[in-house]
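Novice: turn this into a structure:
(chains A, B and C)
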Amino acid sequence: MSAILELNGLTKQFGGLIAVNDVSLAVPEGGIFGLIGPNGAGKTTIFNLITGVYKVSKGTIMFQGRPITNLEPYQIADSGVTRTFQNIRLFKNLTVFENVFTACHTSAHYSVAEALFRLPRFAREEKAIRAKATELLTIMGLQDRLDVTANNLPYGLQRRLEITRALALDPKLLLLDEPAAGMNPDETNDLMRLIGEVRDKFHLSVLVIEHHMDLIMGICEQVHVLNFGCTLASGTAESIADDPKVVEAYLGGEGKKSC
Amino acid sequence: MEYILGIFELSAINLVAVLGLSILTGFTGLFSFGHAGFMAIGAYVGAIVTARLHLPFVAAILAAGLVAGIISIGIGRLTLKLKGDYFCIATMGFGEAIRLILNNWAWVGGARGWESIPQFKGISVSLPFIVAIISVILVWNMVNSRQGRNMVAVREEELAAQMAGINVMRTKMMALVTSAVLAGIAGALMANFVGFIAPKTFNMTKSTELTIIVIFGGIGSISGSVLGALLLTALPEIFRAFSDWRLVFYGLAVIVIMVGRPQGLLGGMELTPAGLRKAAAANKAKAALLAESRAMEKRGEI
Amino acid sequence: MTQFLQQLVNGLSIGSIYALMAVGYSLVYSIMNFSNFAHGSVIMLGAYFGFFSMTLLGLPFIPSFFVAAFGSAIIAVSLERLAYKPLRDRKAPFLYFIITAMGASIFIDNFVIATIGPTPKMYPQIFAQGPIMLGEIALGRIDLAMFGISAVCLLALILFIDHTKMGKAVQATAYNMKASALMGVNPNFVIILVFAIGGALAGVAGVLYGMKYQVFPQIGAITLKSFIAAVFGGLGSLPGALLGALLLGLIETFVSGYLSTQYRDLIAFLILIAMLIVRPTGIMGKNAEDKA
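Specialist: Down below sits the predicted model:
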């Protein structure tokens, strides 16, 4: 199975601090891949590097065999990599529908002029993406709350909306940053099922950062463990769980600060 | 009667500038302190076209918008990559720089100003209204398109907007250029309406006044801008006697609005059938959600 | 050569007023992370406070300074409590703060125009006429006073910030408000303190400005230059504000002396624009990358 995402020797330095140190991993196409590690291990930094929010200090990022290192964030999103955020960054004052409708913009191609003068192409494509947004929201179970302001949604549904918005760009790879944060076991189970369904229905690959071990064990085929920016272990979920180094890192070893 | 017509004309002219600023500040969330500078550019270009080149008013309007737009591209390239505070100060700097350059430029009258600019007479008196109406339509069309929605996304959550594939720089640039073009057009209309322009008309107070109207009318609302422009142009004229206190009132109003009712008159809402329906639907959905969670509380699920 | 030294002296004295203004403004910025655009109005009020305490109250020179500093501090703190605090409590977006600051500035400036009137007022003669001569260089007495008073104030500020417990609290809060709150620093207190100090400095700057030039309601516009100075030196950095202000004063004076006074104000903006293009963080500014 080919890898949809490959990180090779990825390194990010902030001044004197090495946040990500020579990390290499490969996400198989169609797989659900977990990225775990104690707080501050560099997981979100890796997401930021992949999505172009941070510039890479060293190493490369290959997506579908092509380099996306240091491209502009919108270009990376356009190529098929989208994400959700640890602290949910919805368009808070927009409705559920508008959040997704806005993100559908890449499926329409009319120009400013065509929009200003309401030329036929505008009407045609607007109608199409409107339908697309509605369909997507229905698939994700949010069709009854289209007019609710995103801010007013219950927490669990906000997460779901964020995932829906990420799907609006027709991604091939979905990056989820701690999607189960703040969820109870029931909600986590629902989320697990949702992620699996999304992967199957939309034919994509998922890279998920998580602390909830049930979720990791439950759906991740492979897991990569980070500690202080370095790779600690990598393999199947079961092998990781038994790895003494991983256990020590999570339960606190002697406070080793480097690789 | 002519006096009342004059007030409406002035409102129409202010509306065009306010619509532009609304796109930049209200919809894209970029706060510009120098917009009067673009009006100034438009006014002087308009004056040159009508007073020196003796071309018709429409030519002045088009030229003014074009020149202001082009200059804004340059300014945008330099300033749009700056974050929040810096962008404000930069636009302030540019606005003042434009005013100072005009102040020192003898060919266009310098600090004393430029008199005897051709004024609207007869049928051309309708030009400000026609331009205002066209502007409202075009701005409406822009806001309700993917380009407009992208602007709102940038205002709401710039980082998430980037992740959603939005080219933030290009979106901001589009907003800036559009607002500059409209400001330039408004400036030209102003020149031909009043017949006299001077750099001090286009100072920071003017820039701030425009922003106050946008806020008063409501951020993210075109009907709000229309209402705001009408009210805040007409009212001061009516209360001419208290002209000294006009700006005092504005300043206080801004503070009160920001602290008490930041959405202004119609923030985020539109006074159209669809807009009102949407506002009603949002309220209904919110109430339903509230009821739902209360019910869950009663049942002990929360 | 004398020309040069003369201009140097002039530049430093105007730079010292800019420094008072810029440092006050930067101080607030470093804690609150927003530009208090009402700062200019506070400076203007300081000029009027000083003027009225000398003319109406008949106070001598030095006490008038304190009246102005105190009055301006009160205004600044009131502004914070009445306008900014409600926004902070609501976690309002950054845009709202700037808009409110602008509103406050327009309110205050025009209130003065509507009540006291727009005619400029002259400070009474304080110093003896005629400059002090140092060789061939004329040192205006007012300029010397400006430079001296500014230096004293800034020195006091530095001593306060670096060597007192409260000053350290201010530094800590500027660095990280939440963390210092956890360490027992009351952020509300620090905020009030910072606005008070900024206001006091503004008041003194206002009096100095009024003494050197005139007192009029639009003094606030001058403060644009203090923003430029602060940006020039690096927003949020106090030494940067000082450096930026002195440099700005010097450059302005040299341009106006050797080129033309007409371009004096324009130069400030050109510096600003150049700065923002080349090095937006200013001479001594810090870099920041947005964390996701």
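
Novice: which residues touch stretch C:218-225?
Specialist: B:92, B:96, B:204, C:18, C:21, C:25, C:39-41, C:43-44, C:47, C:105, C:108-109, C:206, C:209-210, C:248, C:268 (CB atoms under 8 Å, 6 or more residues apart in numbering or on different chains). All C-beta atoms are positioned from the backbone trio N, CA, C, and that covers glycine.

Novice: please, where are all the helices along chain B?
Specialist: Secondary structure of chain B (DSSP state H): helices located at B:2-21, B:35-47, B:57-79, B:84-103, B:127-143, B:146-156, B:158-163, B:168-194, B:204-217, B:222-238, B:243-260, B:273-299.

Novice: same deal with chain C?
Specialist: Using DSSP H, helices in chain C cover C:2-32, C:39-55, C:61-79, C:85-89, C:94-115, C:141-163, C:165-175, C:177-182, C:187-212, C:223-233, C:238-258, C:264-278.

Novice: can you dump the C-alpha coordinates of the fifth one into PDB?
Specialist: Output for helix C:94-115, consisting of C-alpha atoms alone and laid out as PDB, is shown next (Å, rounded to 0.1, in the frame of the first residue of the first chain):
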ATOM      1  CA  PHE C  94      -9.200  43.300  19.200                       C
ATOM      2  CA  LEU C  95     -11.000  45.400  16.600                       C
ATOM      3  CA  TYR C  96     -13.400  46.700  19.200                       C
ATOM      4  CA  PHE C  97     -10.700  48.100  21.400                       C
ATOM      5  CA  ILE C  98      -9.200  50.200  18.700                       C
ATOM      6  CA  ILE C  99     -12.600  51.500  17.600                       C
ATOM      7  CA  THR C 100     -13.400  52.400  21.200                       C
ATOM      8  CA  ALA C 101     -10.100  54.100  21.700                       C
ATOM      9  CA  MET C 102     -10.700  56.100  18.500                       C
ATOM     10  CA  GLY C 103     -14.200  57.000  19.800                       C
ATOM     11  CA  ALA C 104     -12.800  58.100  23.100                       C
ATOM     12  CA  SER C 105     -10.200  60.300  21.400                       C
ATOM     13  CA  ILE C 106     -12.800  61.900  19.200                       C
ATOM     14  CA  PHE C 107     -15.000  62.500  22.100                       C
ATOM     15  CA  ILE C 108     -12.300  64.100  24.300                       C
ATOM     16  CA  ASP C 109     -10.800  66.200  21.500                       C
ATOM     17  CA  ASN C 110     -14.100  67.600  20.400                       C
ATOM     18  CA  PHE C 111     -15.400  68.100  23.900                       C
ATOM     19  CA  VAL C 112     -12.500  70.400  24.500                       C
ATOM     20  CA  ILE C 113     -13.200  72.200  21.200                       C
ATOM     21  CA  ALA C 114     -16.900  72.600  22.100                       C
ATOM     22  CA  THR C 115     -16.300  73.800  25.600                       C
END
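
Novice: picking that back up, among the helices of chain B, which is the most enclosed?
Specialist: helix B:35-47 (a mean of 31; mean count of other CB atoms under 10 Å in any protein chain shown).

Novice: comparing the helices of chain C by mean pLDDT, which bottoms out?
Specialist: Mean pLDDT is lowest for helix C:177-182 out of the helices of chain C, coming in at a mean of 75.

Novice: what about whichever residue of the stretch 1-150 of chain B sits closest to chain A, neighbour count?
Specialist: Closest contact between the stretch 1-150 of chain B and chain A, by CB to the nearest CB, is at B:S145 (3.5 Å). Counted by other CB atoms under 10 Å in any protein chain shown, the residues lying close to B:S145 total 23.

Novice: residues in contact with it?
Specialist: B:S145 neighbours (CB under 8 Å, 6+ apart): A:Y110, A:V112, A:A115, A:L116, A:F122, A:E126.

Novice: phi, psi of the last one?
Specialist: If I follow you right, that is A:E126. phi -60, psi -50 (degrees, to the nearest 10).

Novice: now it: how far from chain B?
Specialist: Going from A:E126 to chain B by CB to the nearest CB, to the nearest Å gives 8 Å.

Novice: do the same with the fifth one
Specialist: Applying CB to the nearest CB, the value for A:F122 to chain B is 7 Å.

Novice: in what helix or strand does A:E6 lie?
Specialist: Assigned by DSSP states H and E, A:E6 falls within strand A:3-14.

Novice: show residues contacting that strand.
Specialist: Contacts for strand A:3-14 (CB under 8 Å, 6+ apart): A:18-30, A:42, A:45-46, A:49-50, A:54, A:56-64, A:81, A:172-173, A:205, A:207, A:229, C:289.

Novice: do the same with stretch C:244-258
Specialist: Taking CB under 8 Å, 6+ apart as the rule, stretch C:244-258 contacts C:3, C:7-8, C:10-19, C:21-23, C:225-226, C:228-234, C:263-264, C:267-268, C:271, C:282-283.

Novice: excluding sequence neighbours, find me the nearest residue to A:E125.
Specialist: A:A108 (4.1 Å; CB to CB, 6 or more residues apart in numbering or on different chains).
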